[in-house]
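1. what shape does this take:
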Amino acid sequence: MAACGGGGGGGEGGGEESITLSYAFFAPIASFPGVQMEEWAERMDECTDGQVEVEFFPGGSLLGSGDIYDGVSEGVVDIGMDSPAYDVGRFPLSSAVSLPVGFTNAEVASKTFLDLLTEYEPAEFDGYEIVTAFTTEPAYLQTQQPITSRSDLSGRELRAAGAGVPALQALGASPVGMPMPNVAESLQTGVITGYMSSREVLQDFGLAEQVSYVTDYPFGISNSFVAVMDEGRFAELPEDVQQCIQDLRPEMAEFASQYHDQDNVQPALEWAASEHGVETVELEPGEQEAFDETLSQLVDTWVDEVGGDFDPQEVLDRVEELRDQYSAEN
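-> This is a model prediction of the structure:
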């Protein structure tokens with residue numbers, strides 16, 4: 001992988017040699033973060049007048065989830081996109097956006113997340129230039145039997161990840177950790193009877209064939225994504241290319257989240273209902289308040305226990321302030 005075809009220059013500006021940037025991600029290119037990758041490459045091509053070409057390594061073909069950021073630091077790849085939501089210990093400030101604090105869509109959560117990273121410049125991303133950051137919509141229960149109360153959840157084995165694990169535990173379920181590509185087989189074999197995730201997976205992973213119900217209760221956001229470059233590698237790029245990358249950072253957060261909300265989730269729900277009869281069910285009377293109370297305690301626990309070089313309550317207050325601001329605009 002040639003990271004740069006003579007297009008260095010230590011940031012001193014505008015050489016005309018072509019530059020090839022390798023870009024790794026752990027999920028398929030057809031996933032909505034993969035669509036974002038392709039759109040970013042097109043916009044970089046336009047912004048740099050064709051000077052930058054992007055070489056994709058999706059689907060874990062070069063680096064798997066959890067290895068991507070280290071691969072960027074080690075020069076295995078120029079740009080890497082991974083999910084901080086999978087590793088709260090390594091990304092404590094990023095985990096704030098995964099808390100059940102009332103995000104209703106990906107656009108509001110994504111804009112909040114990017115602002116949070118830009119304002120606080122957390123130590124968890126020291127040594128990296130953030131290319132962009134965005135999130136999914138909230139996570140929902142998607143199950144083989146309807147879940148309309150806490151009693152329905154009692155002891156039930158459901159796939160979850162990140163902040164979804166303590167949420168399910170607090171509500172009485174038995175969360176099971178596994179990669180999303182393993183969920184379909186685990187549903188077929190009875191290892192699990194459902195999962196917690198954003199709802200595009202009904203179509204993207206074909207899971208509407210294995211589940212019959214979606215519980216209409218949003219938890220915290222299902223997943224977050226941050227694409228990064230090594231700071232040293234970024235500094236080698238011509239200044240005009242650096243500027244394009246920085247200018248595209250908020251554009252791509254908005255593009256990815258709007259695509260997810262409008263062109264990814266809604267069509268998946270309609271397809272799941274029309275092709276496989278998947279039903280959306282409501283919580284029983286009084287259960288929403290009970291769910292809300294249980295999850296609010298998880299937020300309090302995060303404030304008390306999260307590690308990092310920041311004030312957790314201050315960060316949480318800022319998350320809620322940005323959520324309200326972008327919700328009003330949205």
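
2. show me the strands in the chain, by range?
-> 19-25, 52-57, 79-82, 128-135, 140-143, 157-159, 174-176, 194-197, 213-215, 224-230, 279-281 (DSSP state E).

3. just put those in CSV and tack on distance to Glu287 and mean pLDDT.
-> The C-beta positions use only the backbone N, C-alpha and C, and glycine is treated the same way. Shown next, in CSV, are those (distance: least, Cβ to Cβ, whole Å; pLDDT from 0 to 100):
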stretch, distance to Glu287, mean pLDDT
strand 19-25, 37, 97
strand 52-57, 44, 96
strand 79-82, 35, 97
strand 128-135, 26, 98
strand 140-143, 12, 98
strand 157-159, 17, 97
strand 174-176, 19, 96
strand 194-197, 16, 97
strand 213-215, 10, 98
strand 224-230, 27, 98
strand 279-281, 11, 98
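
4. dump the ones you listed to JSON lines, plus mean neighbour count and distance to Ala184.
-> Formatted as JSON lines, the strands of the chain follow (neighbours: other Cβ atoms under 10 Å; distance: least, Cβ to Cβ, whole Å):
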{"stretch": "strand 19-25", "mean neighbour count": "23", "distance to Ala184": "20"}
{"stretch": "strand 52-57", "mean neighbour count": "18", "distance to Ala184": "24"}
{"stretch": "strand 79-82", "mean neighbour count": "28", "distance to Ala184": "23"}
{"stretch": "strand 128-135", "mean neighbour count": "25", "distance to Ala184": "24"}
{"stretch": "strand 140-143", "mean neighbour count": "26", "distance to Ala184": "12"}
{"stretch": "strand 157-159", "mean neighbour count": "21", "distance to Ala184": "11"}
{"stretch": "strand 174-176", "mean neighbour count": "18", "distance to Ala184": "14"}
{"stretch": "strand 194-197", "mean neighbour count": "28", "distance to Ala184": "10"}
{"stretch": "strand 213-215", "mean neighbour count": "22", "distance to Ala184": "16"}
{"stretch": "strand 224-230", "mean neighbour count": "24", "distance to Ala184": "22"}
{"stretch": "strand 279-281", "mean neighbour count": "14", "distance to Ala184": "19"}
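
5. and the contacts of the lowest-mean-pLDDT helix or strand in the chain?
-> Across the helices and strands of the chain, mean pLDDT, DSSP states H and E gives its lowest value to helix 201-204, namely a mean of 92. For helix 201-204, contacts defined as Cβ atoms under 8 Å, 6 or more residues apart in numbering pick out 30-32, 142, 180, 183, 207-208, 211, 214, 264, 267-269, 271-272, 278.

6. please indicate which of those are buried?
-> 31-32, 142, 180, 183, 207-208, 211, 214, 264, 268-269, 272, 278 (16 or more other Cβ atoms under 10 Å).

7. nearest to Gly102, of those residues?
-> Val214 (19.0 Å; Cβ to Cβ).

8. and the closest residue in space to the closest one that isn't next to it in sequence, how far is that from Ser257?
-> Computed as Cβ to Cβ, 6 or more residues apart in numbering, the closest residue to Val214 that is not its neighbour in sequence is Thr280, at 4.8 Å. Separation of Thr280 from Ser257 (Cβ to Cβ, to the nearest Å): 22 Å.

9. need the pLDDT of Gly10.
-> Looking at Gly10, its pLDDT reads 39.

10. and for Ala268?
-> 95.
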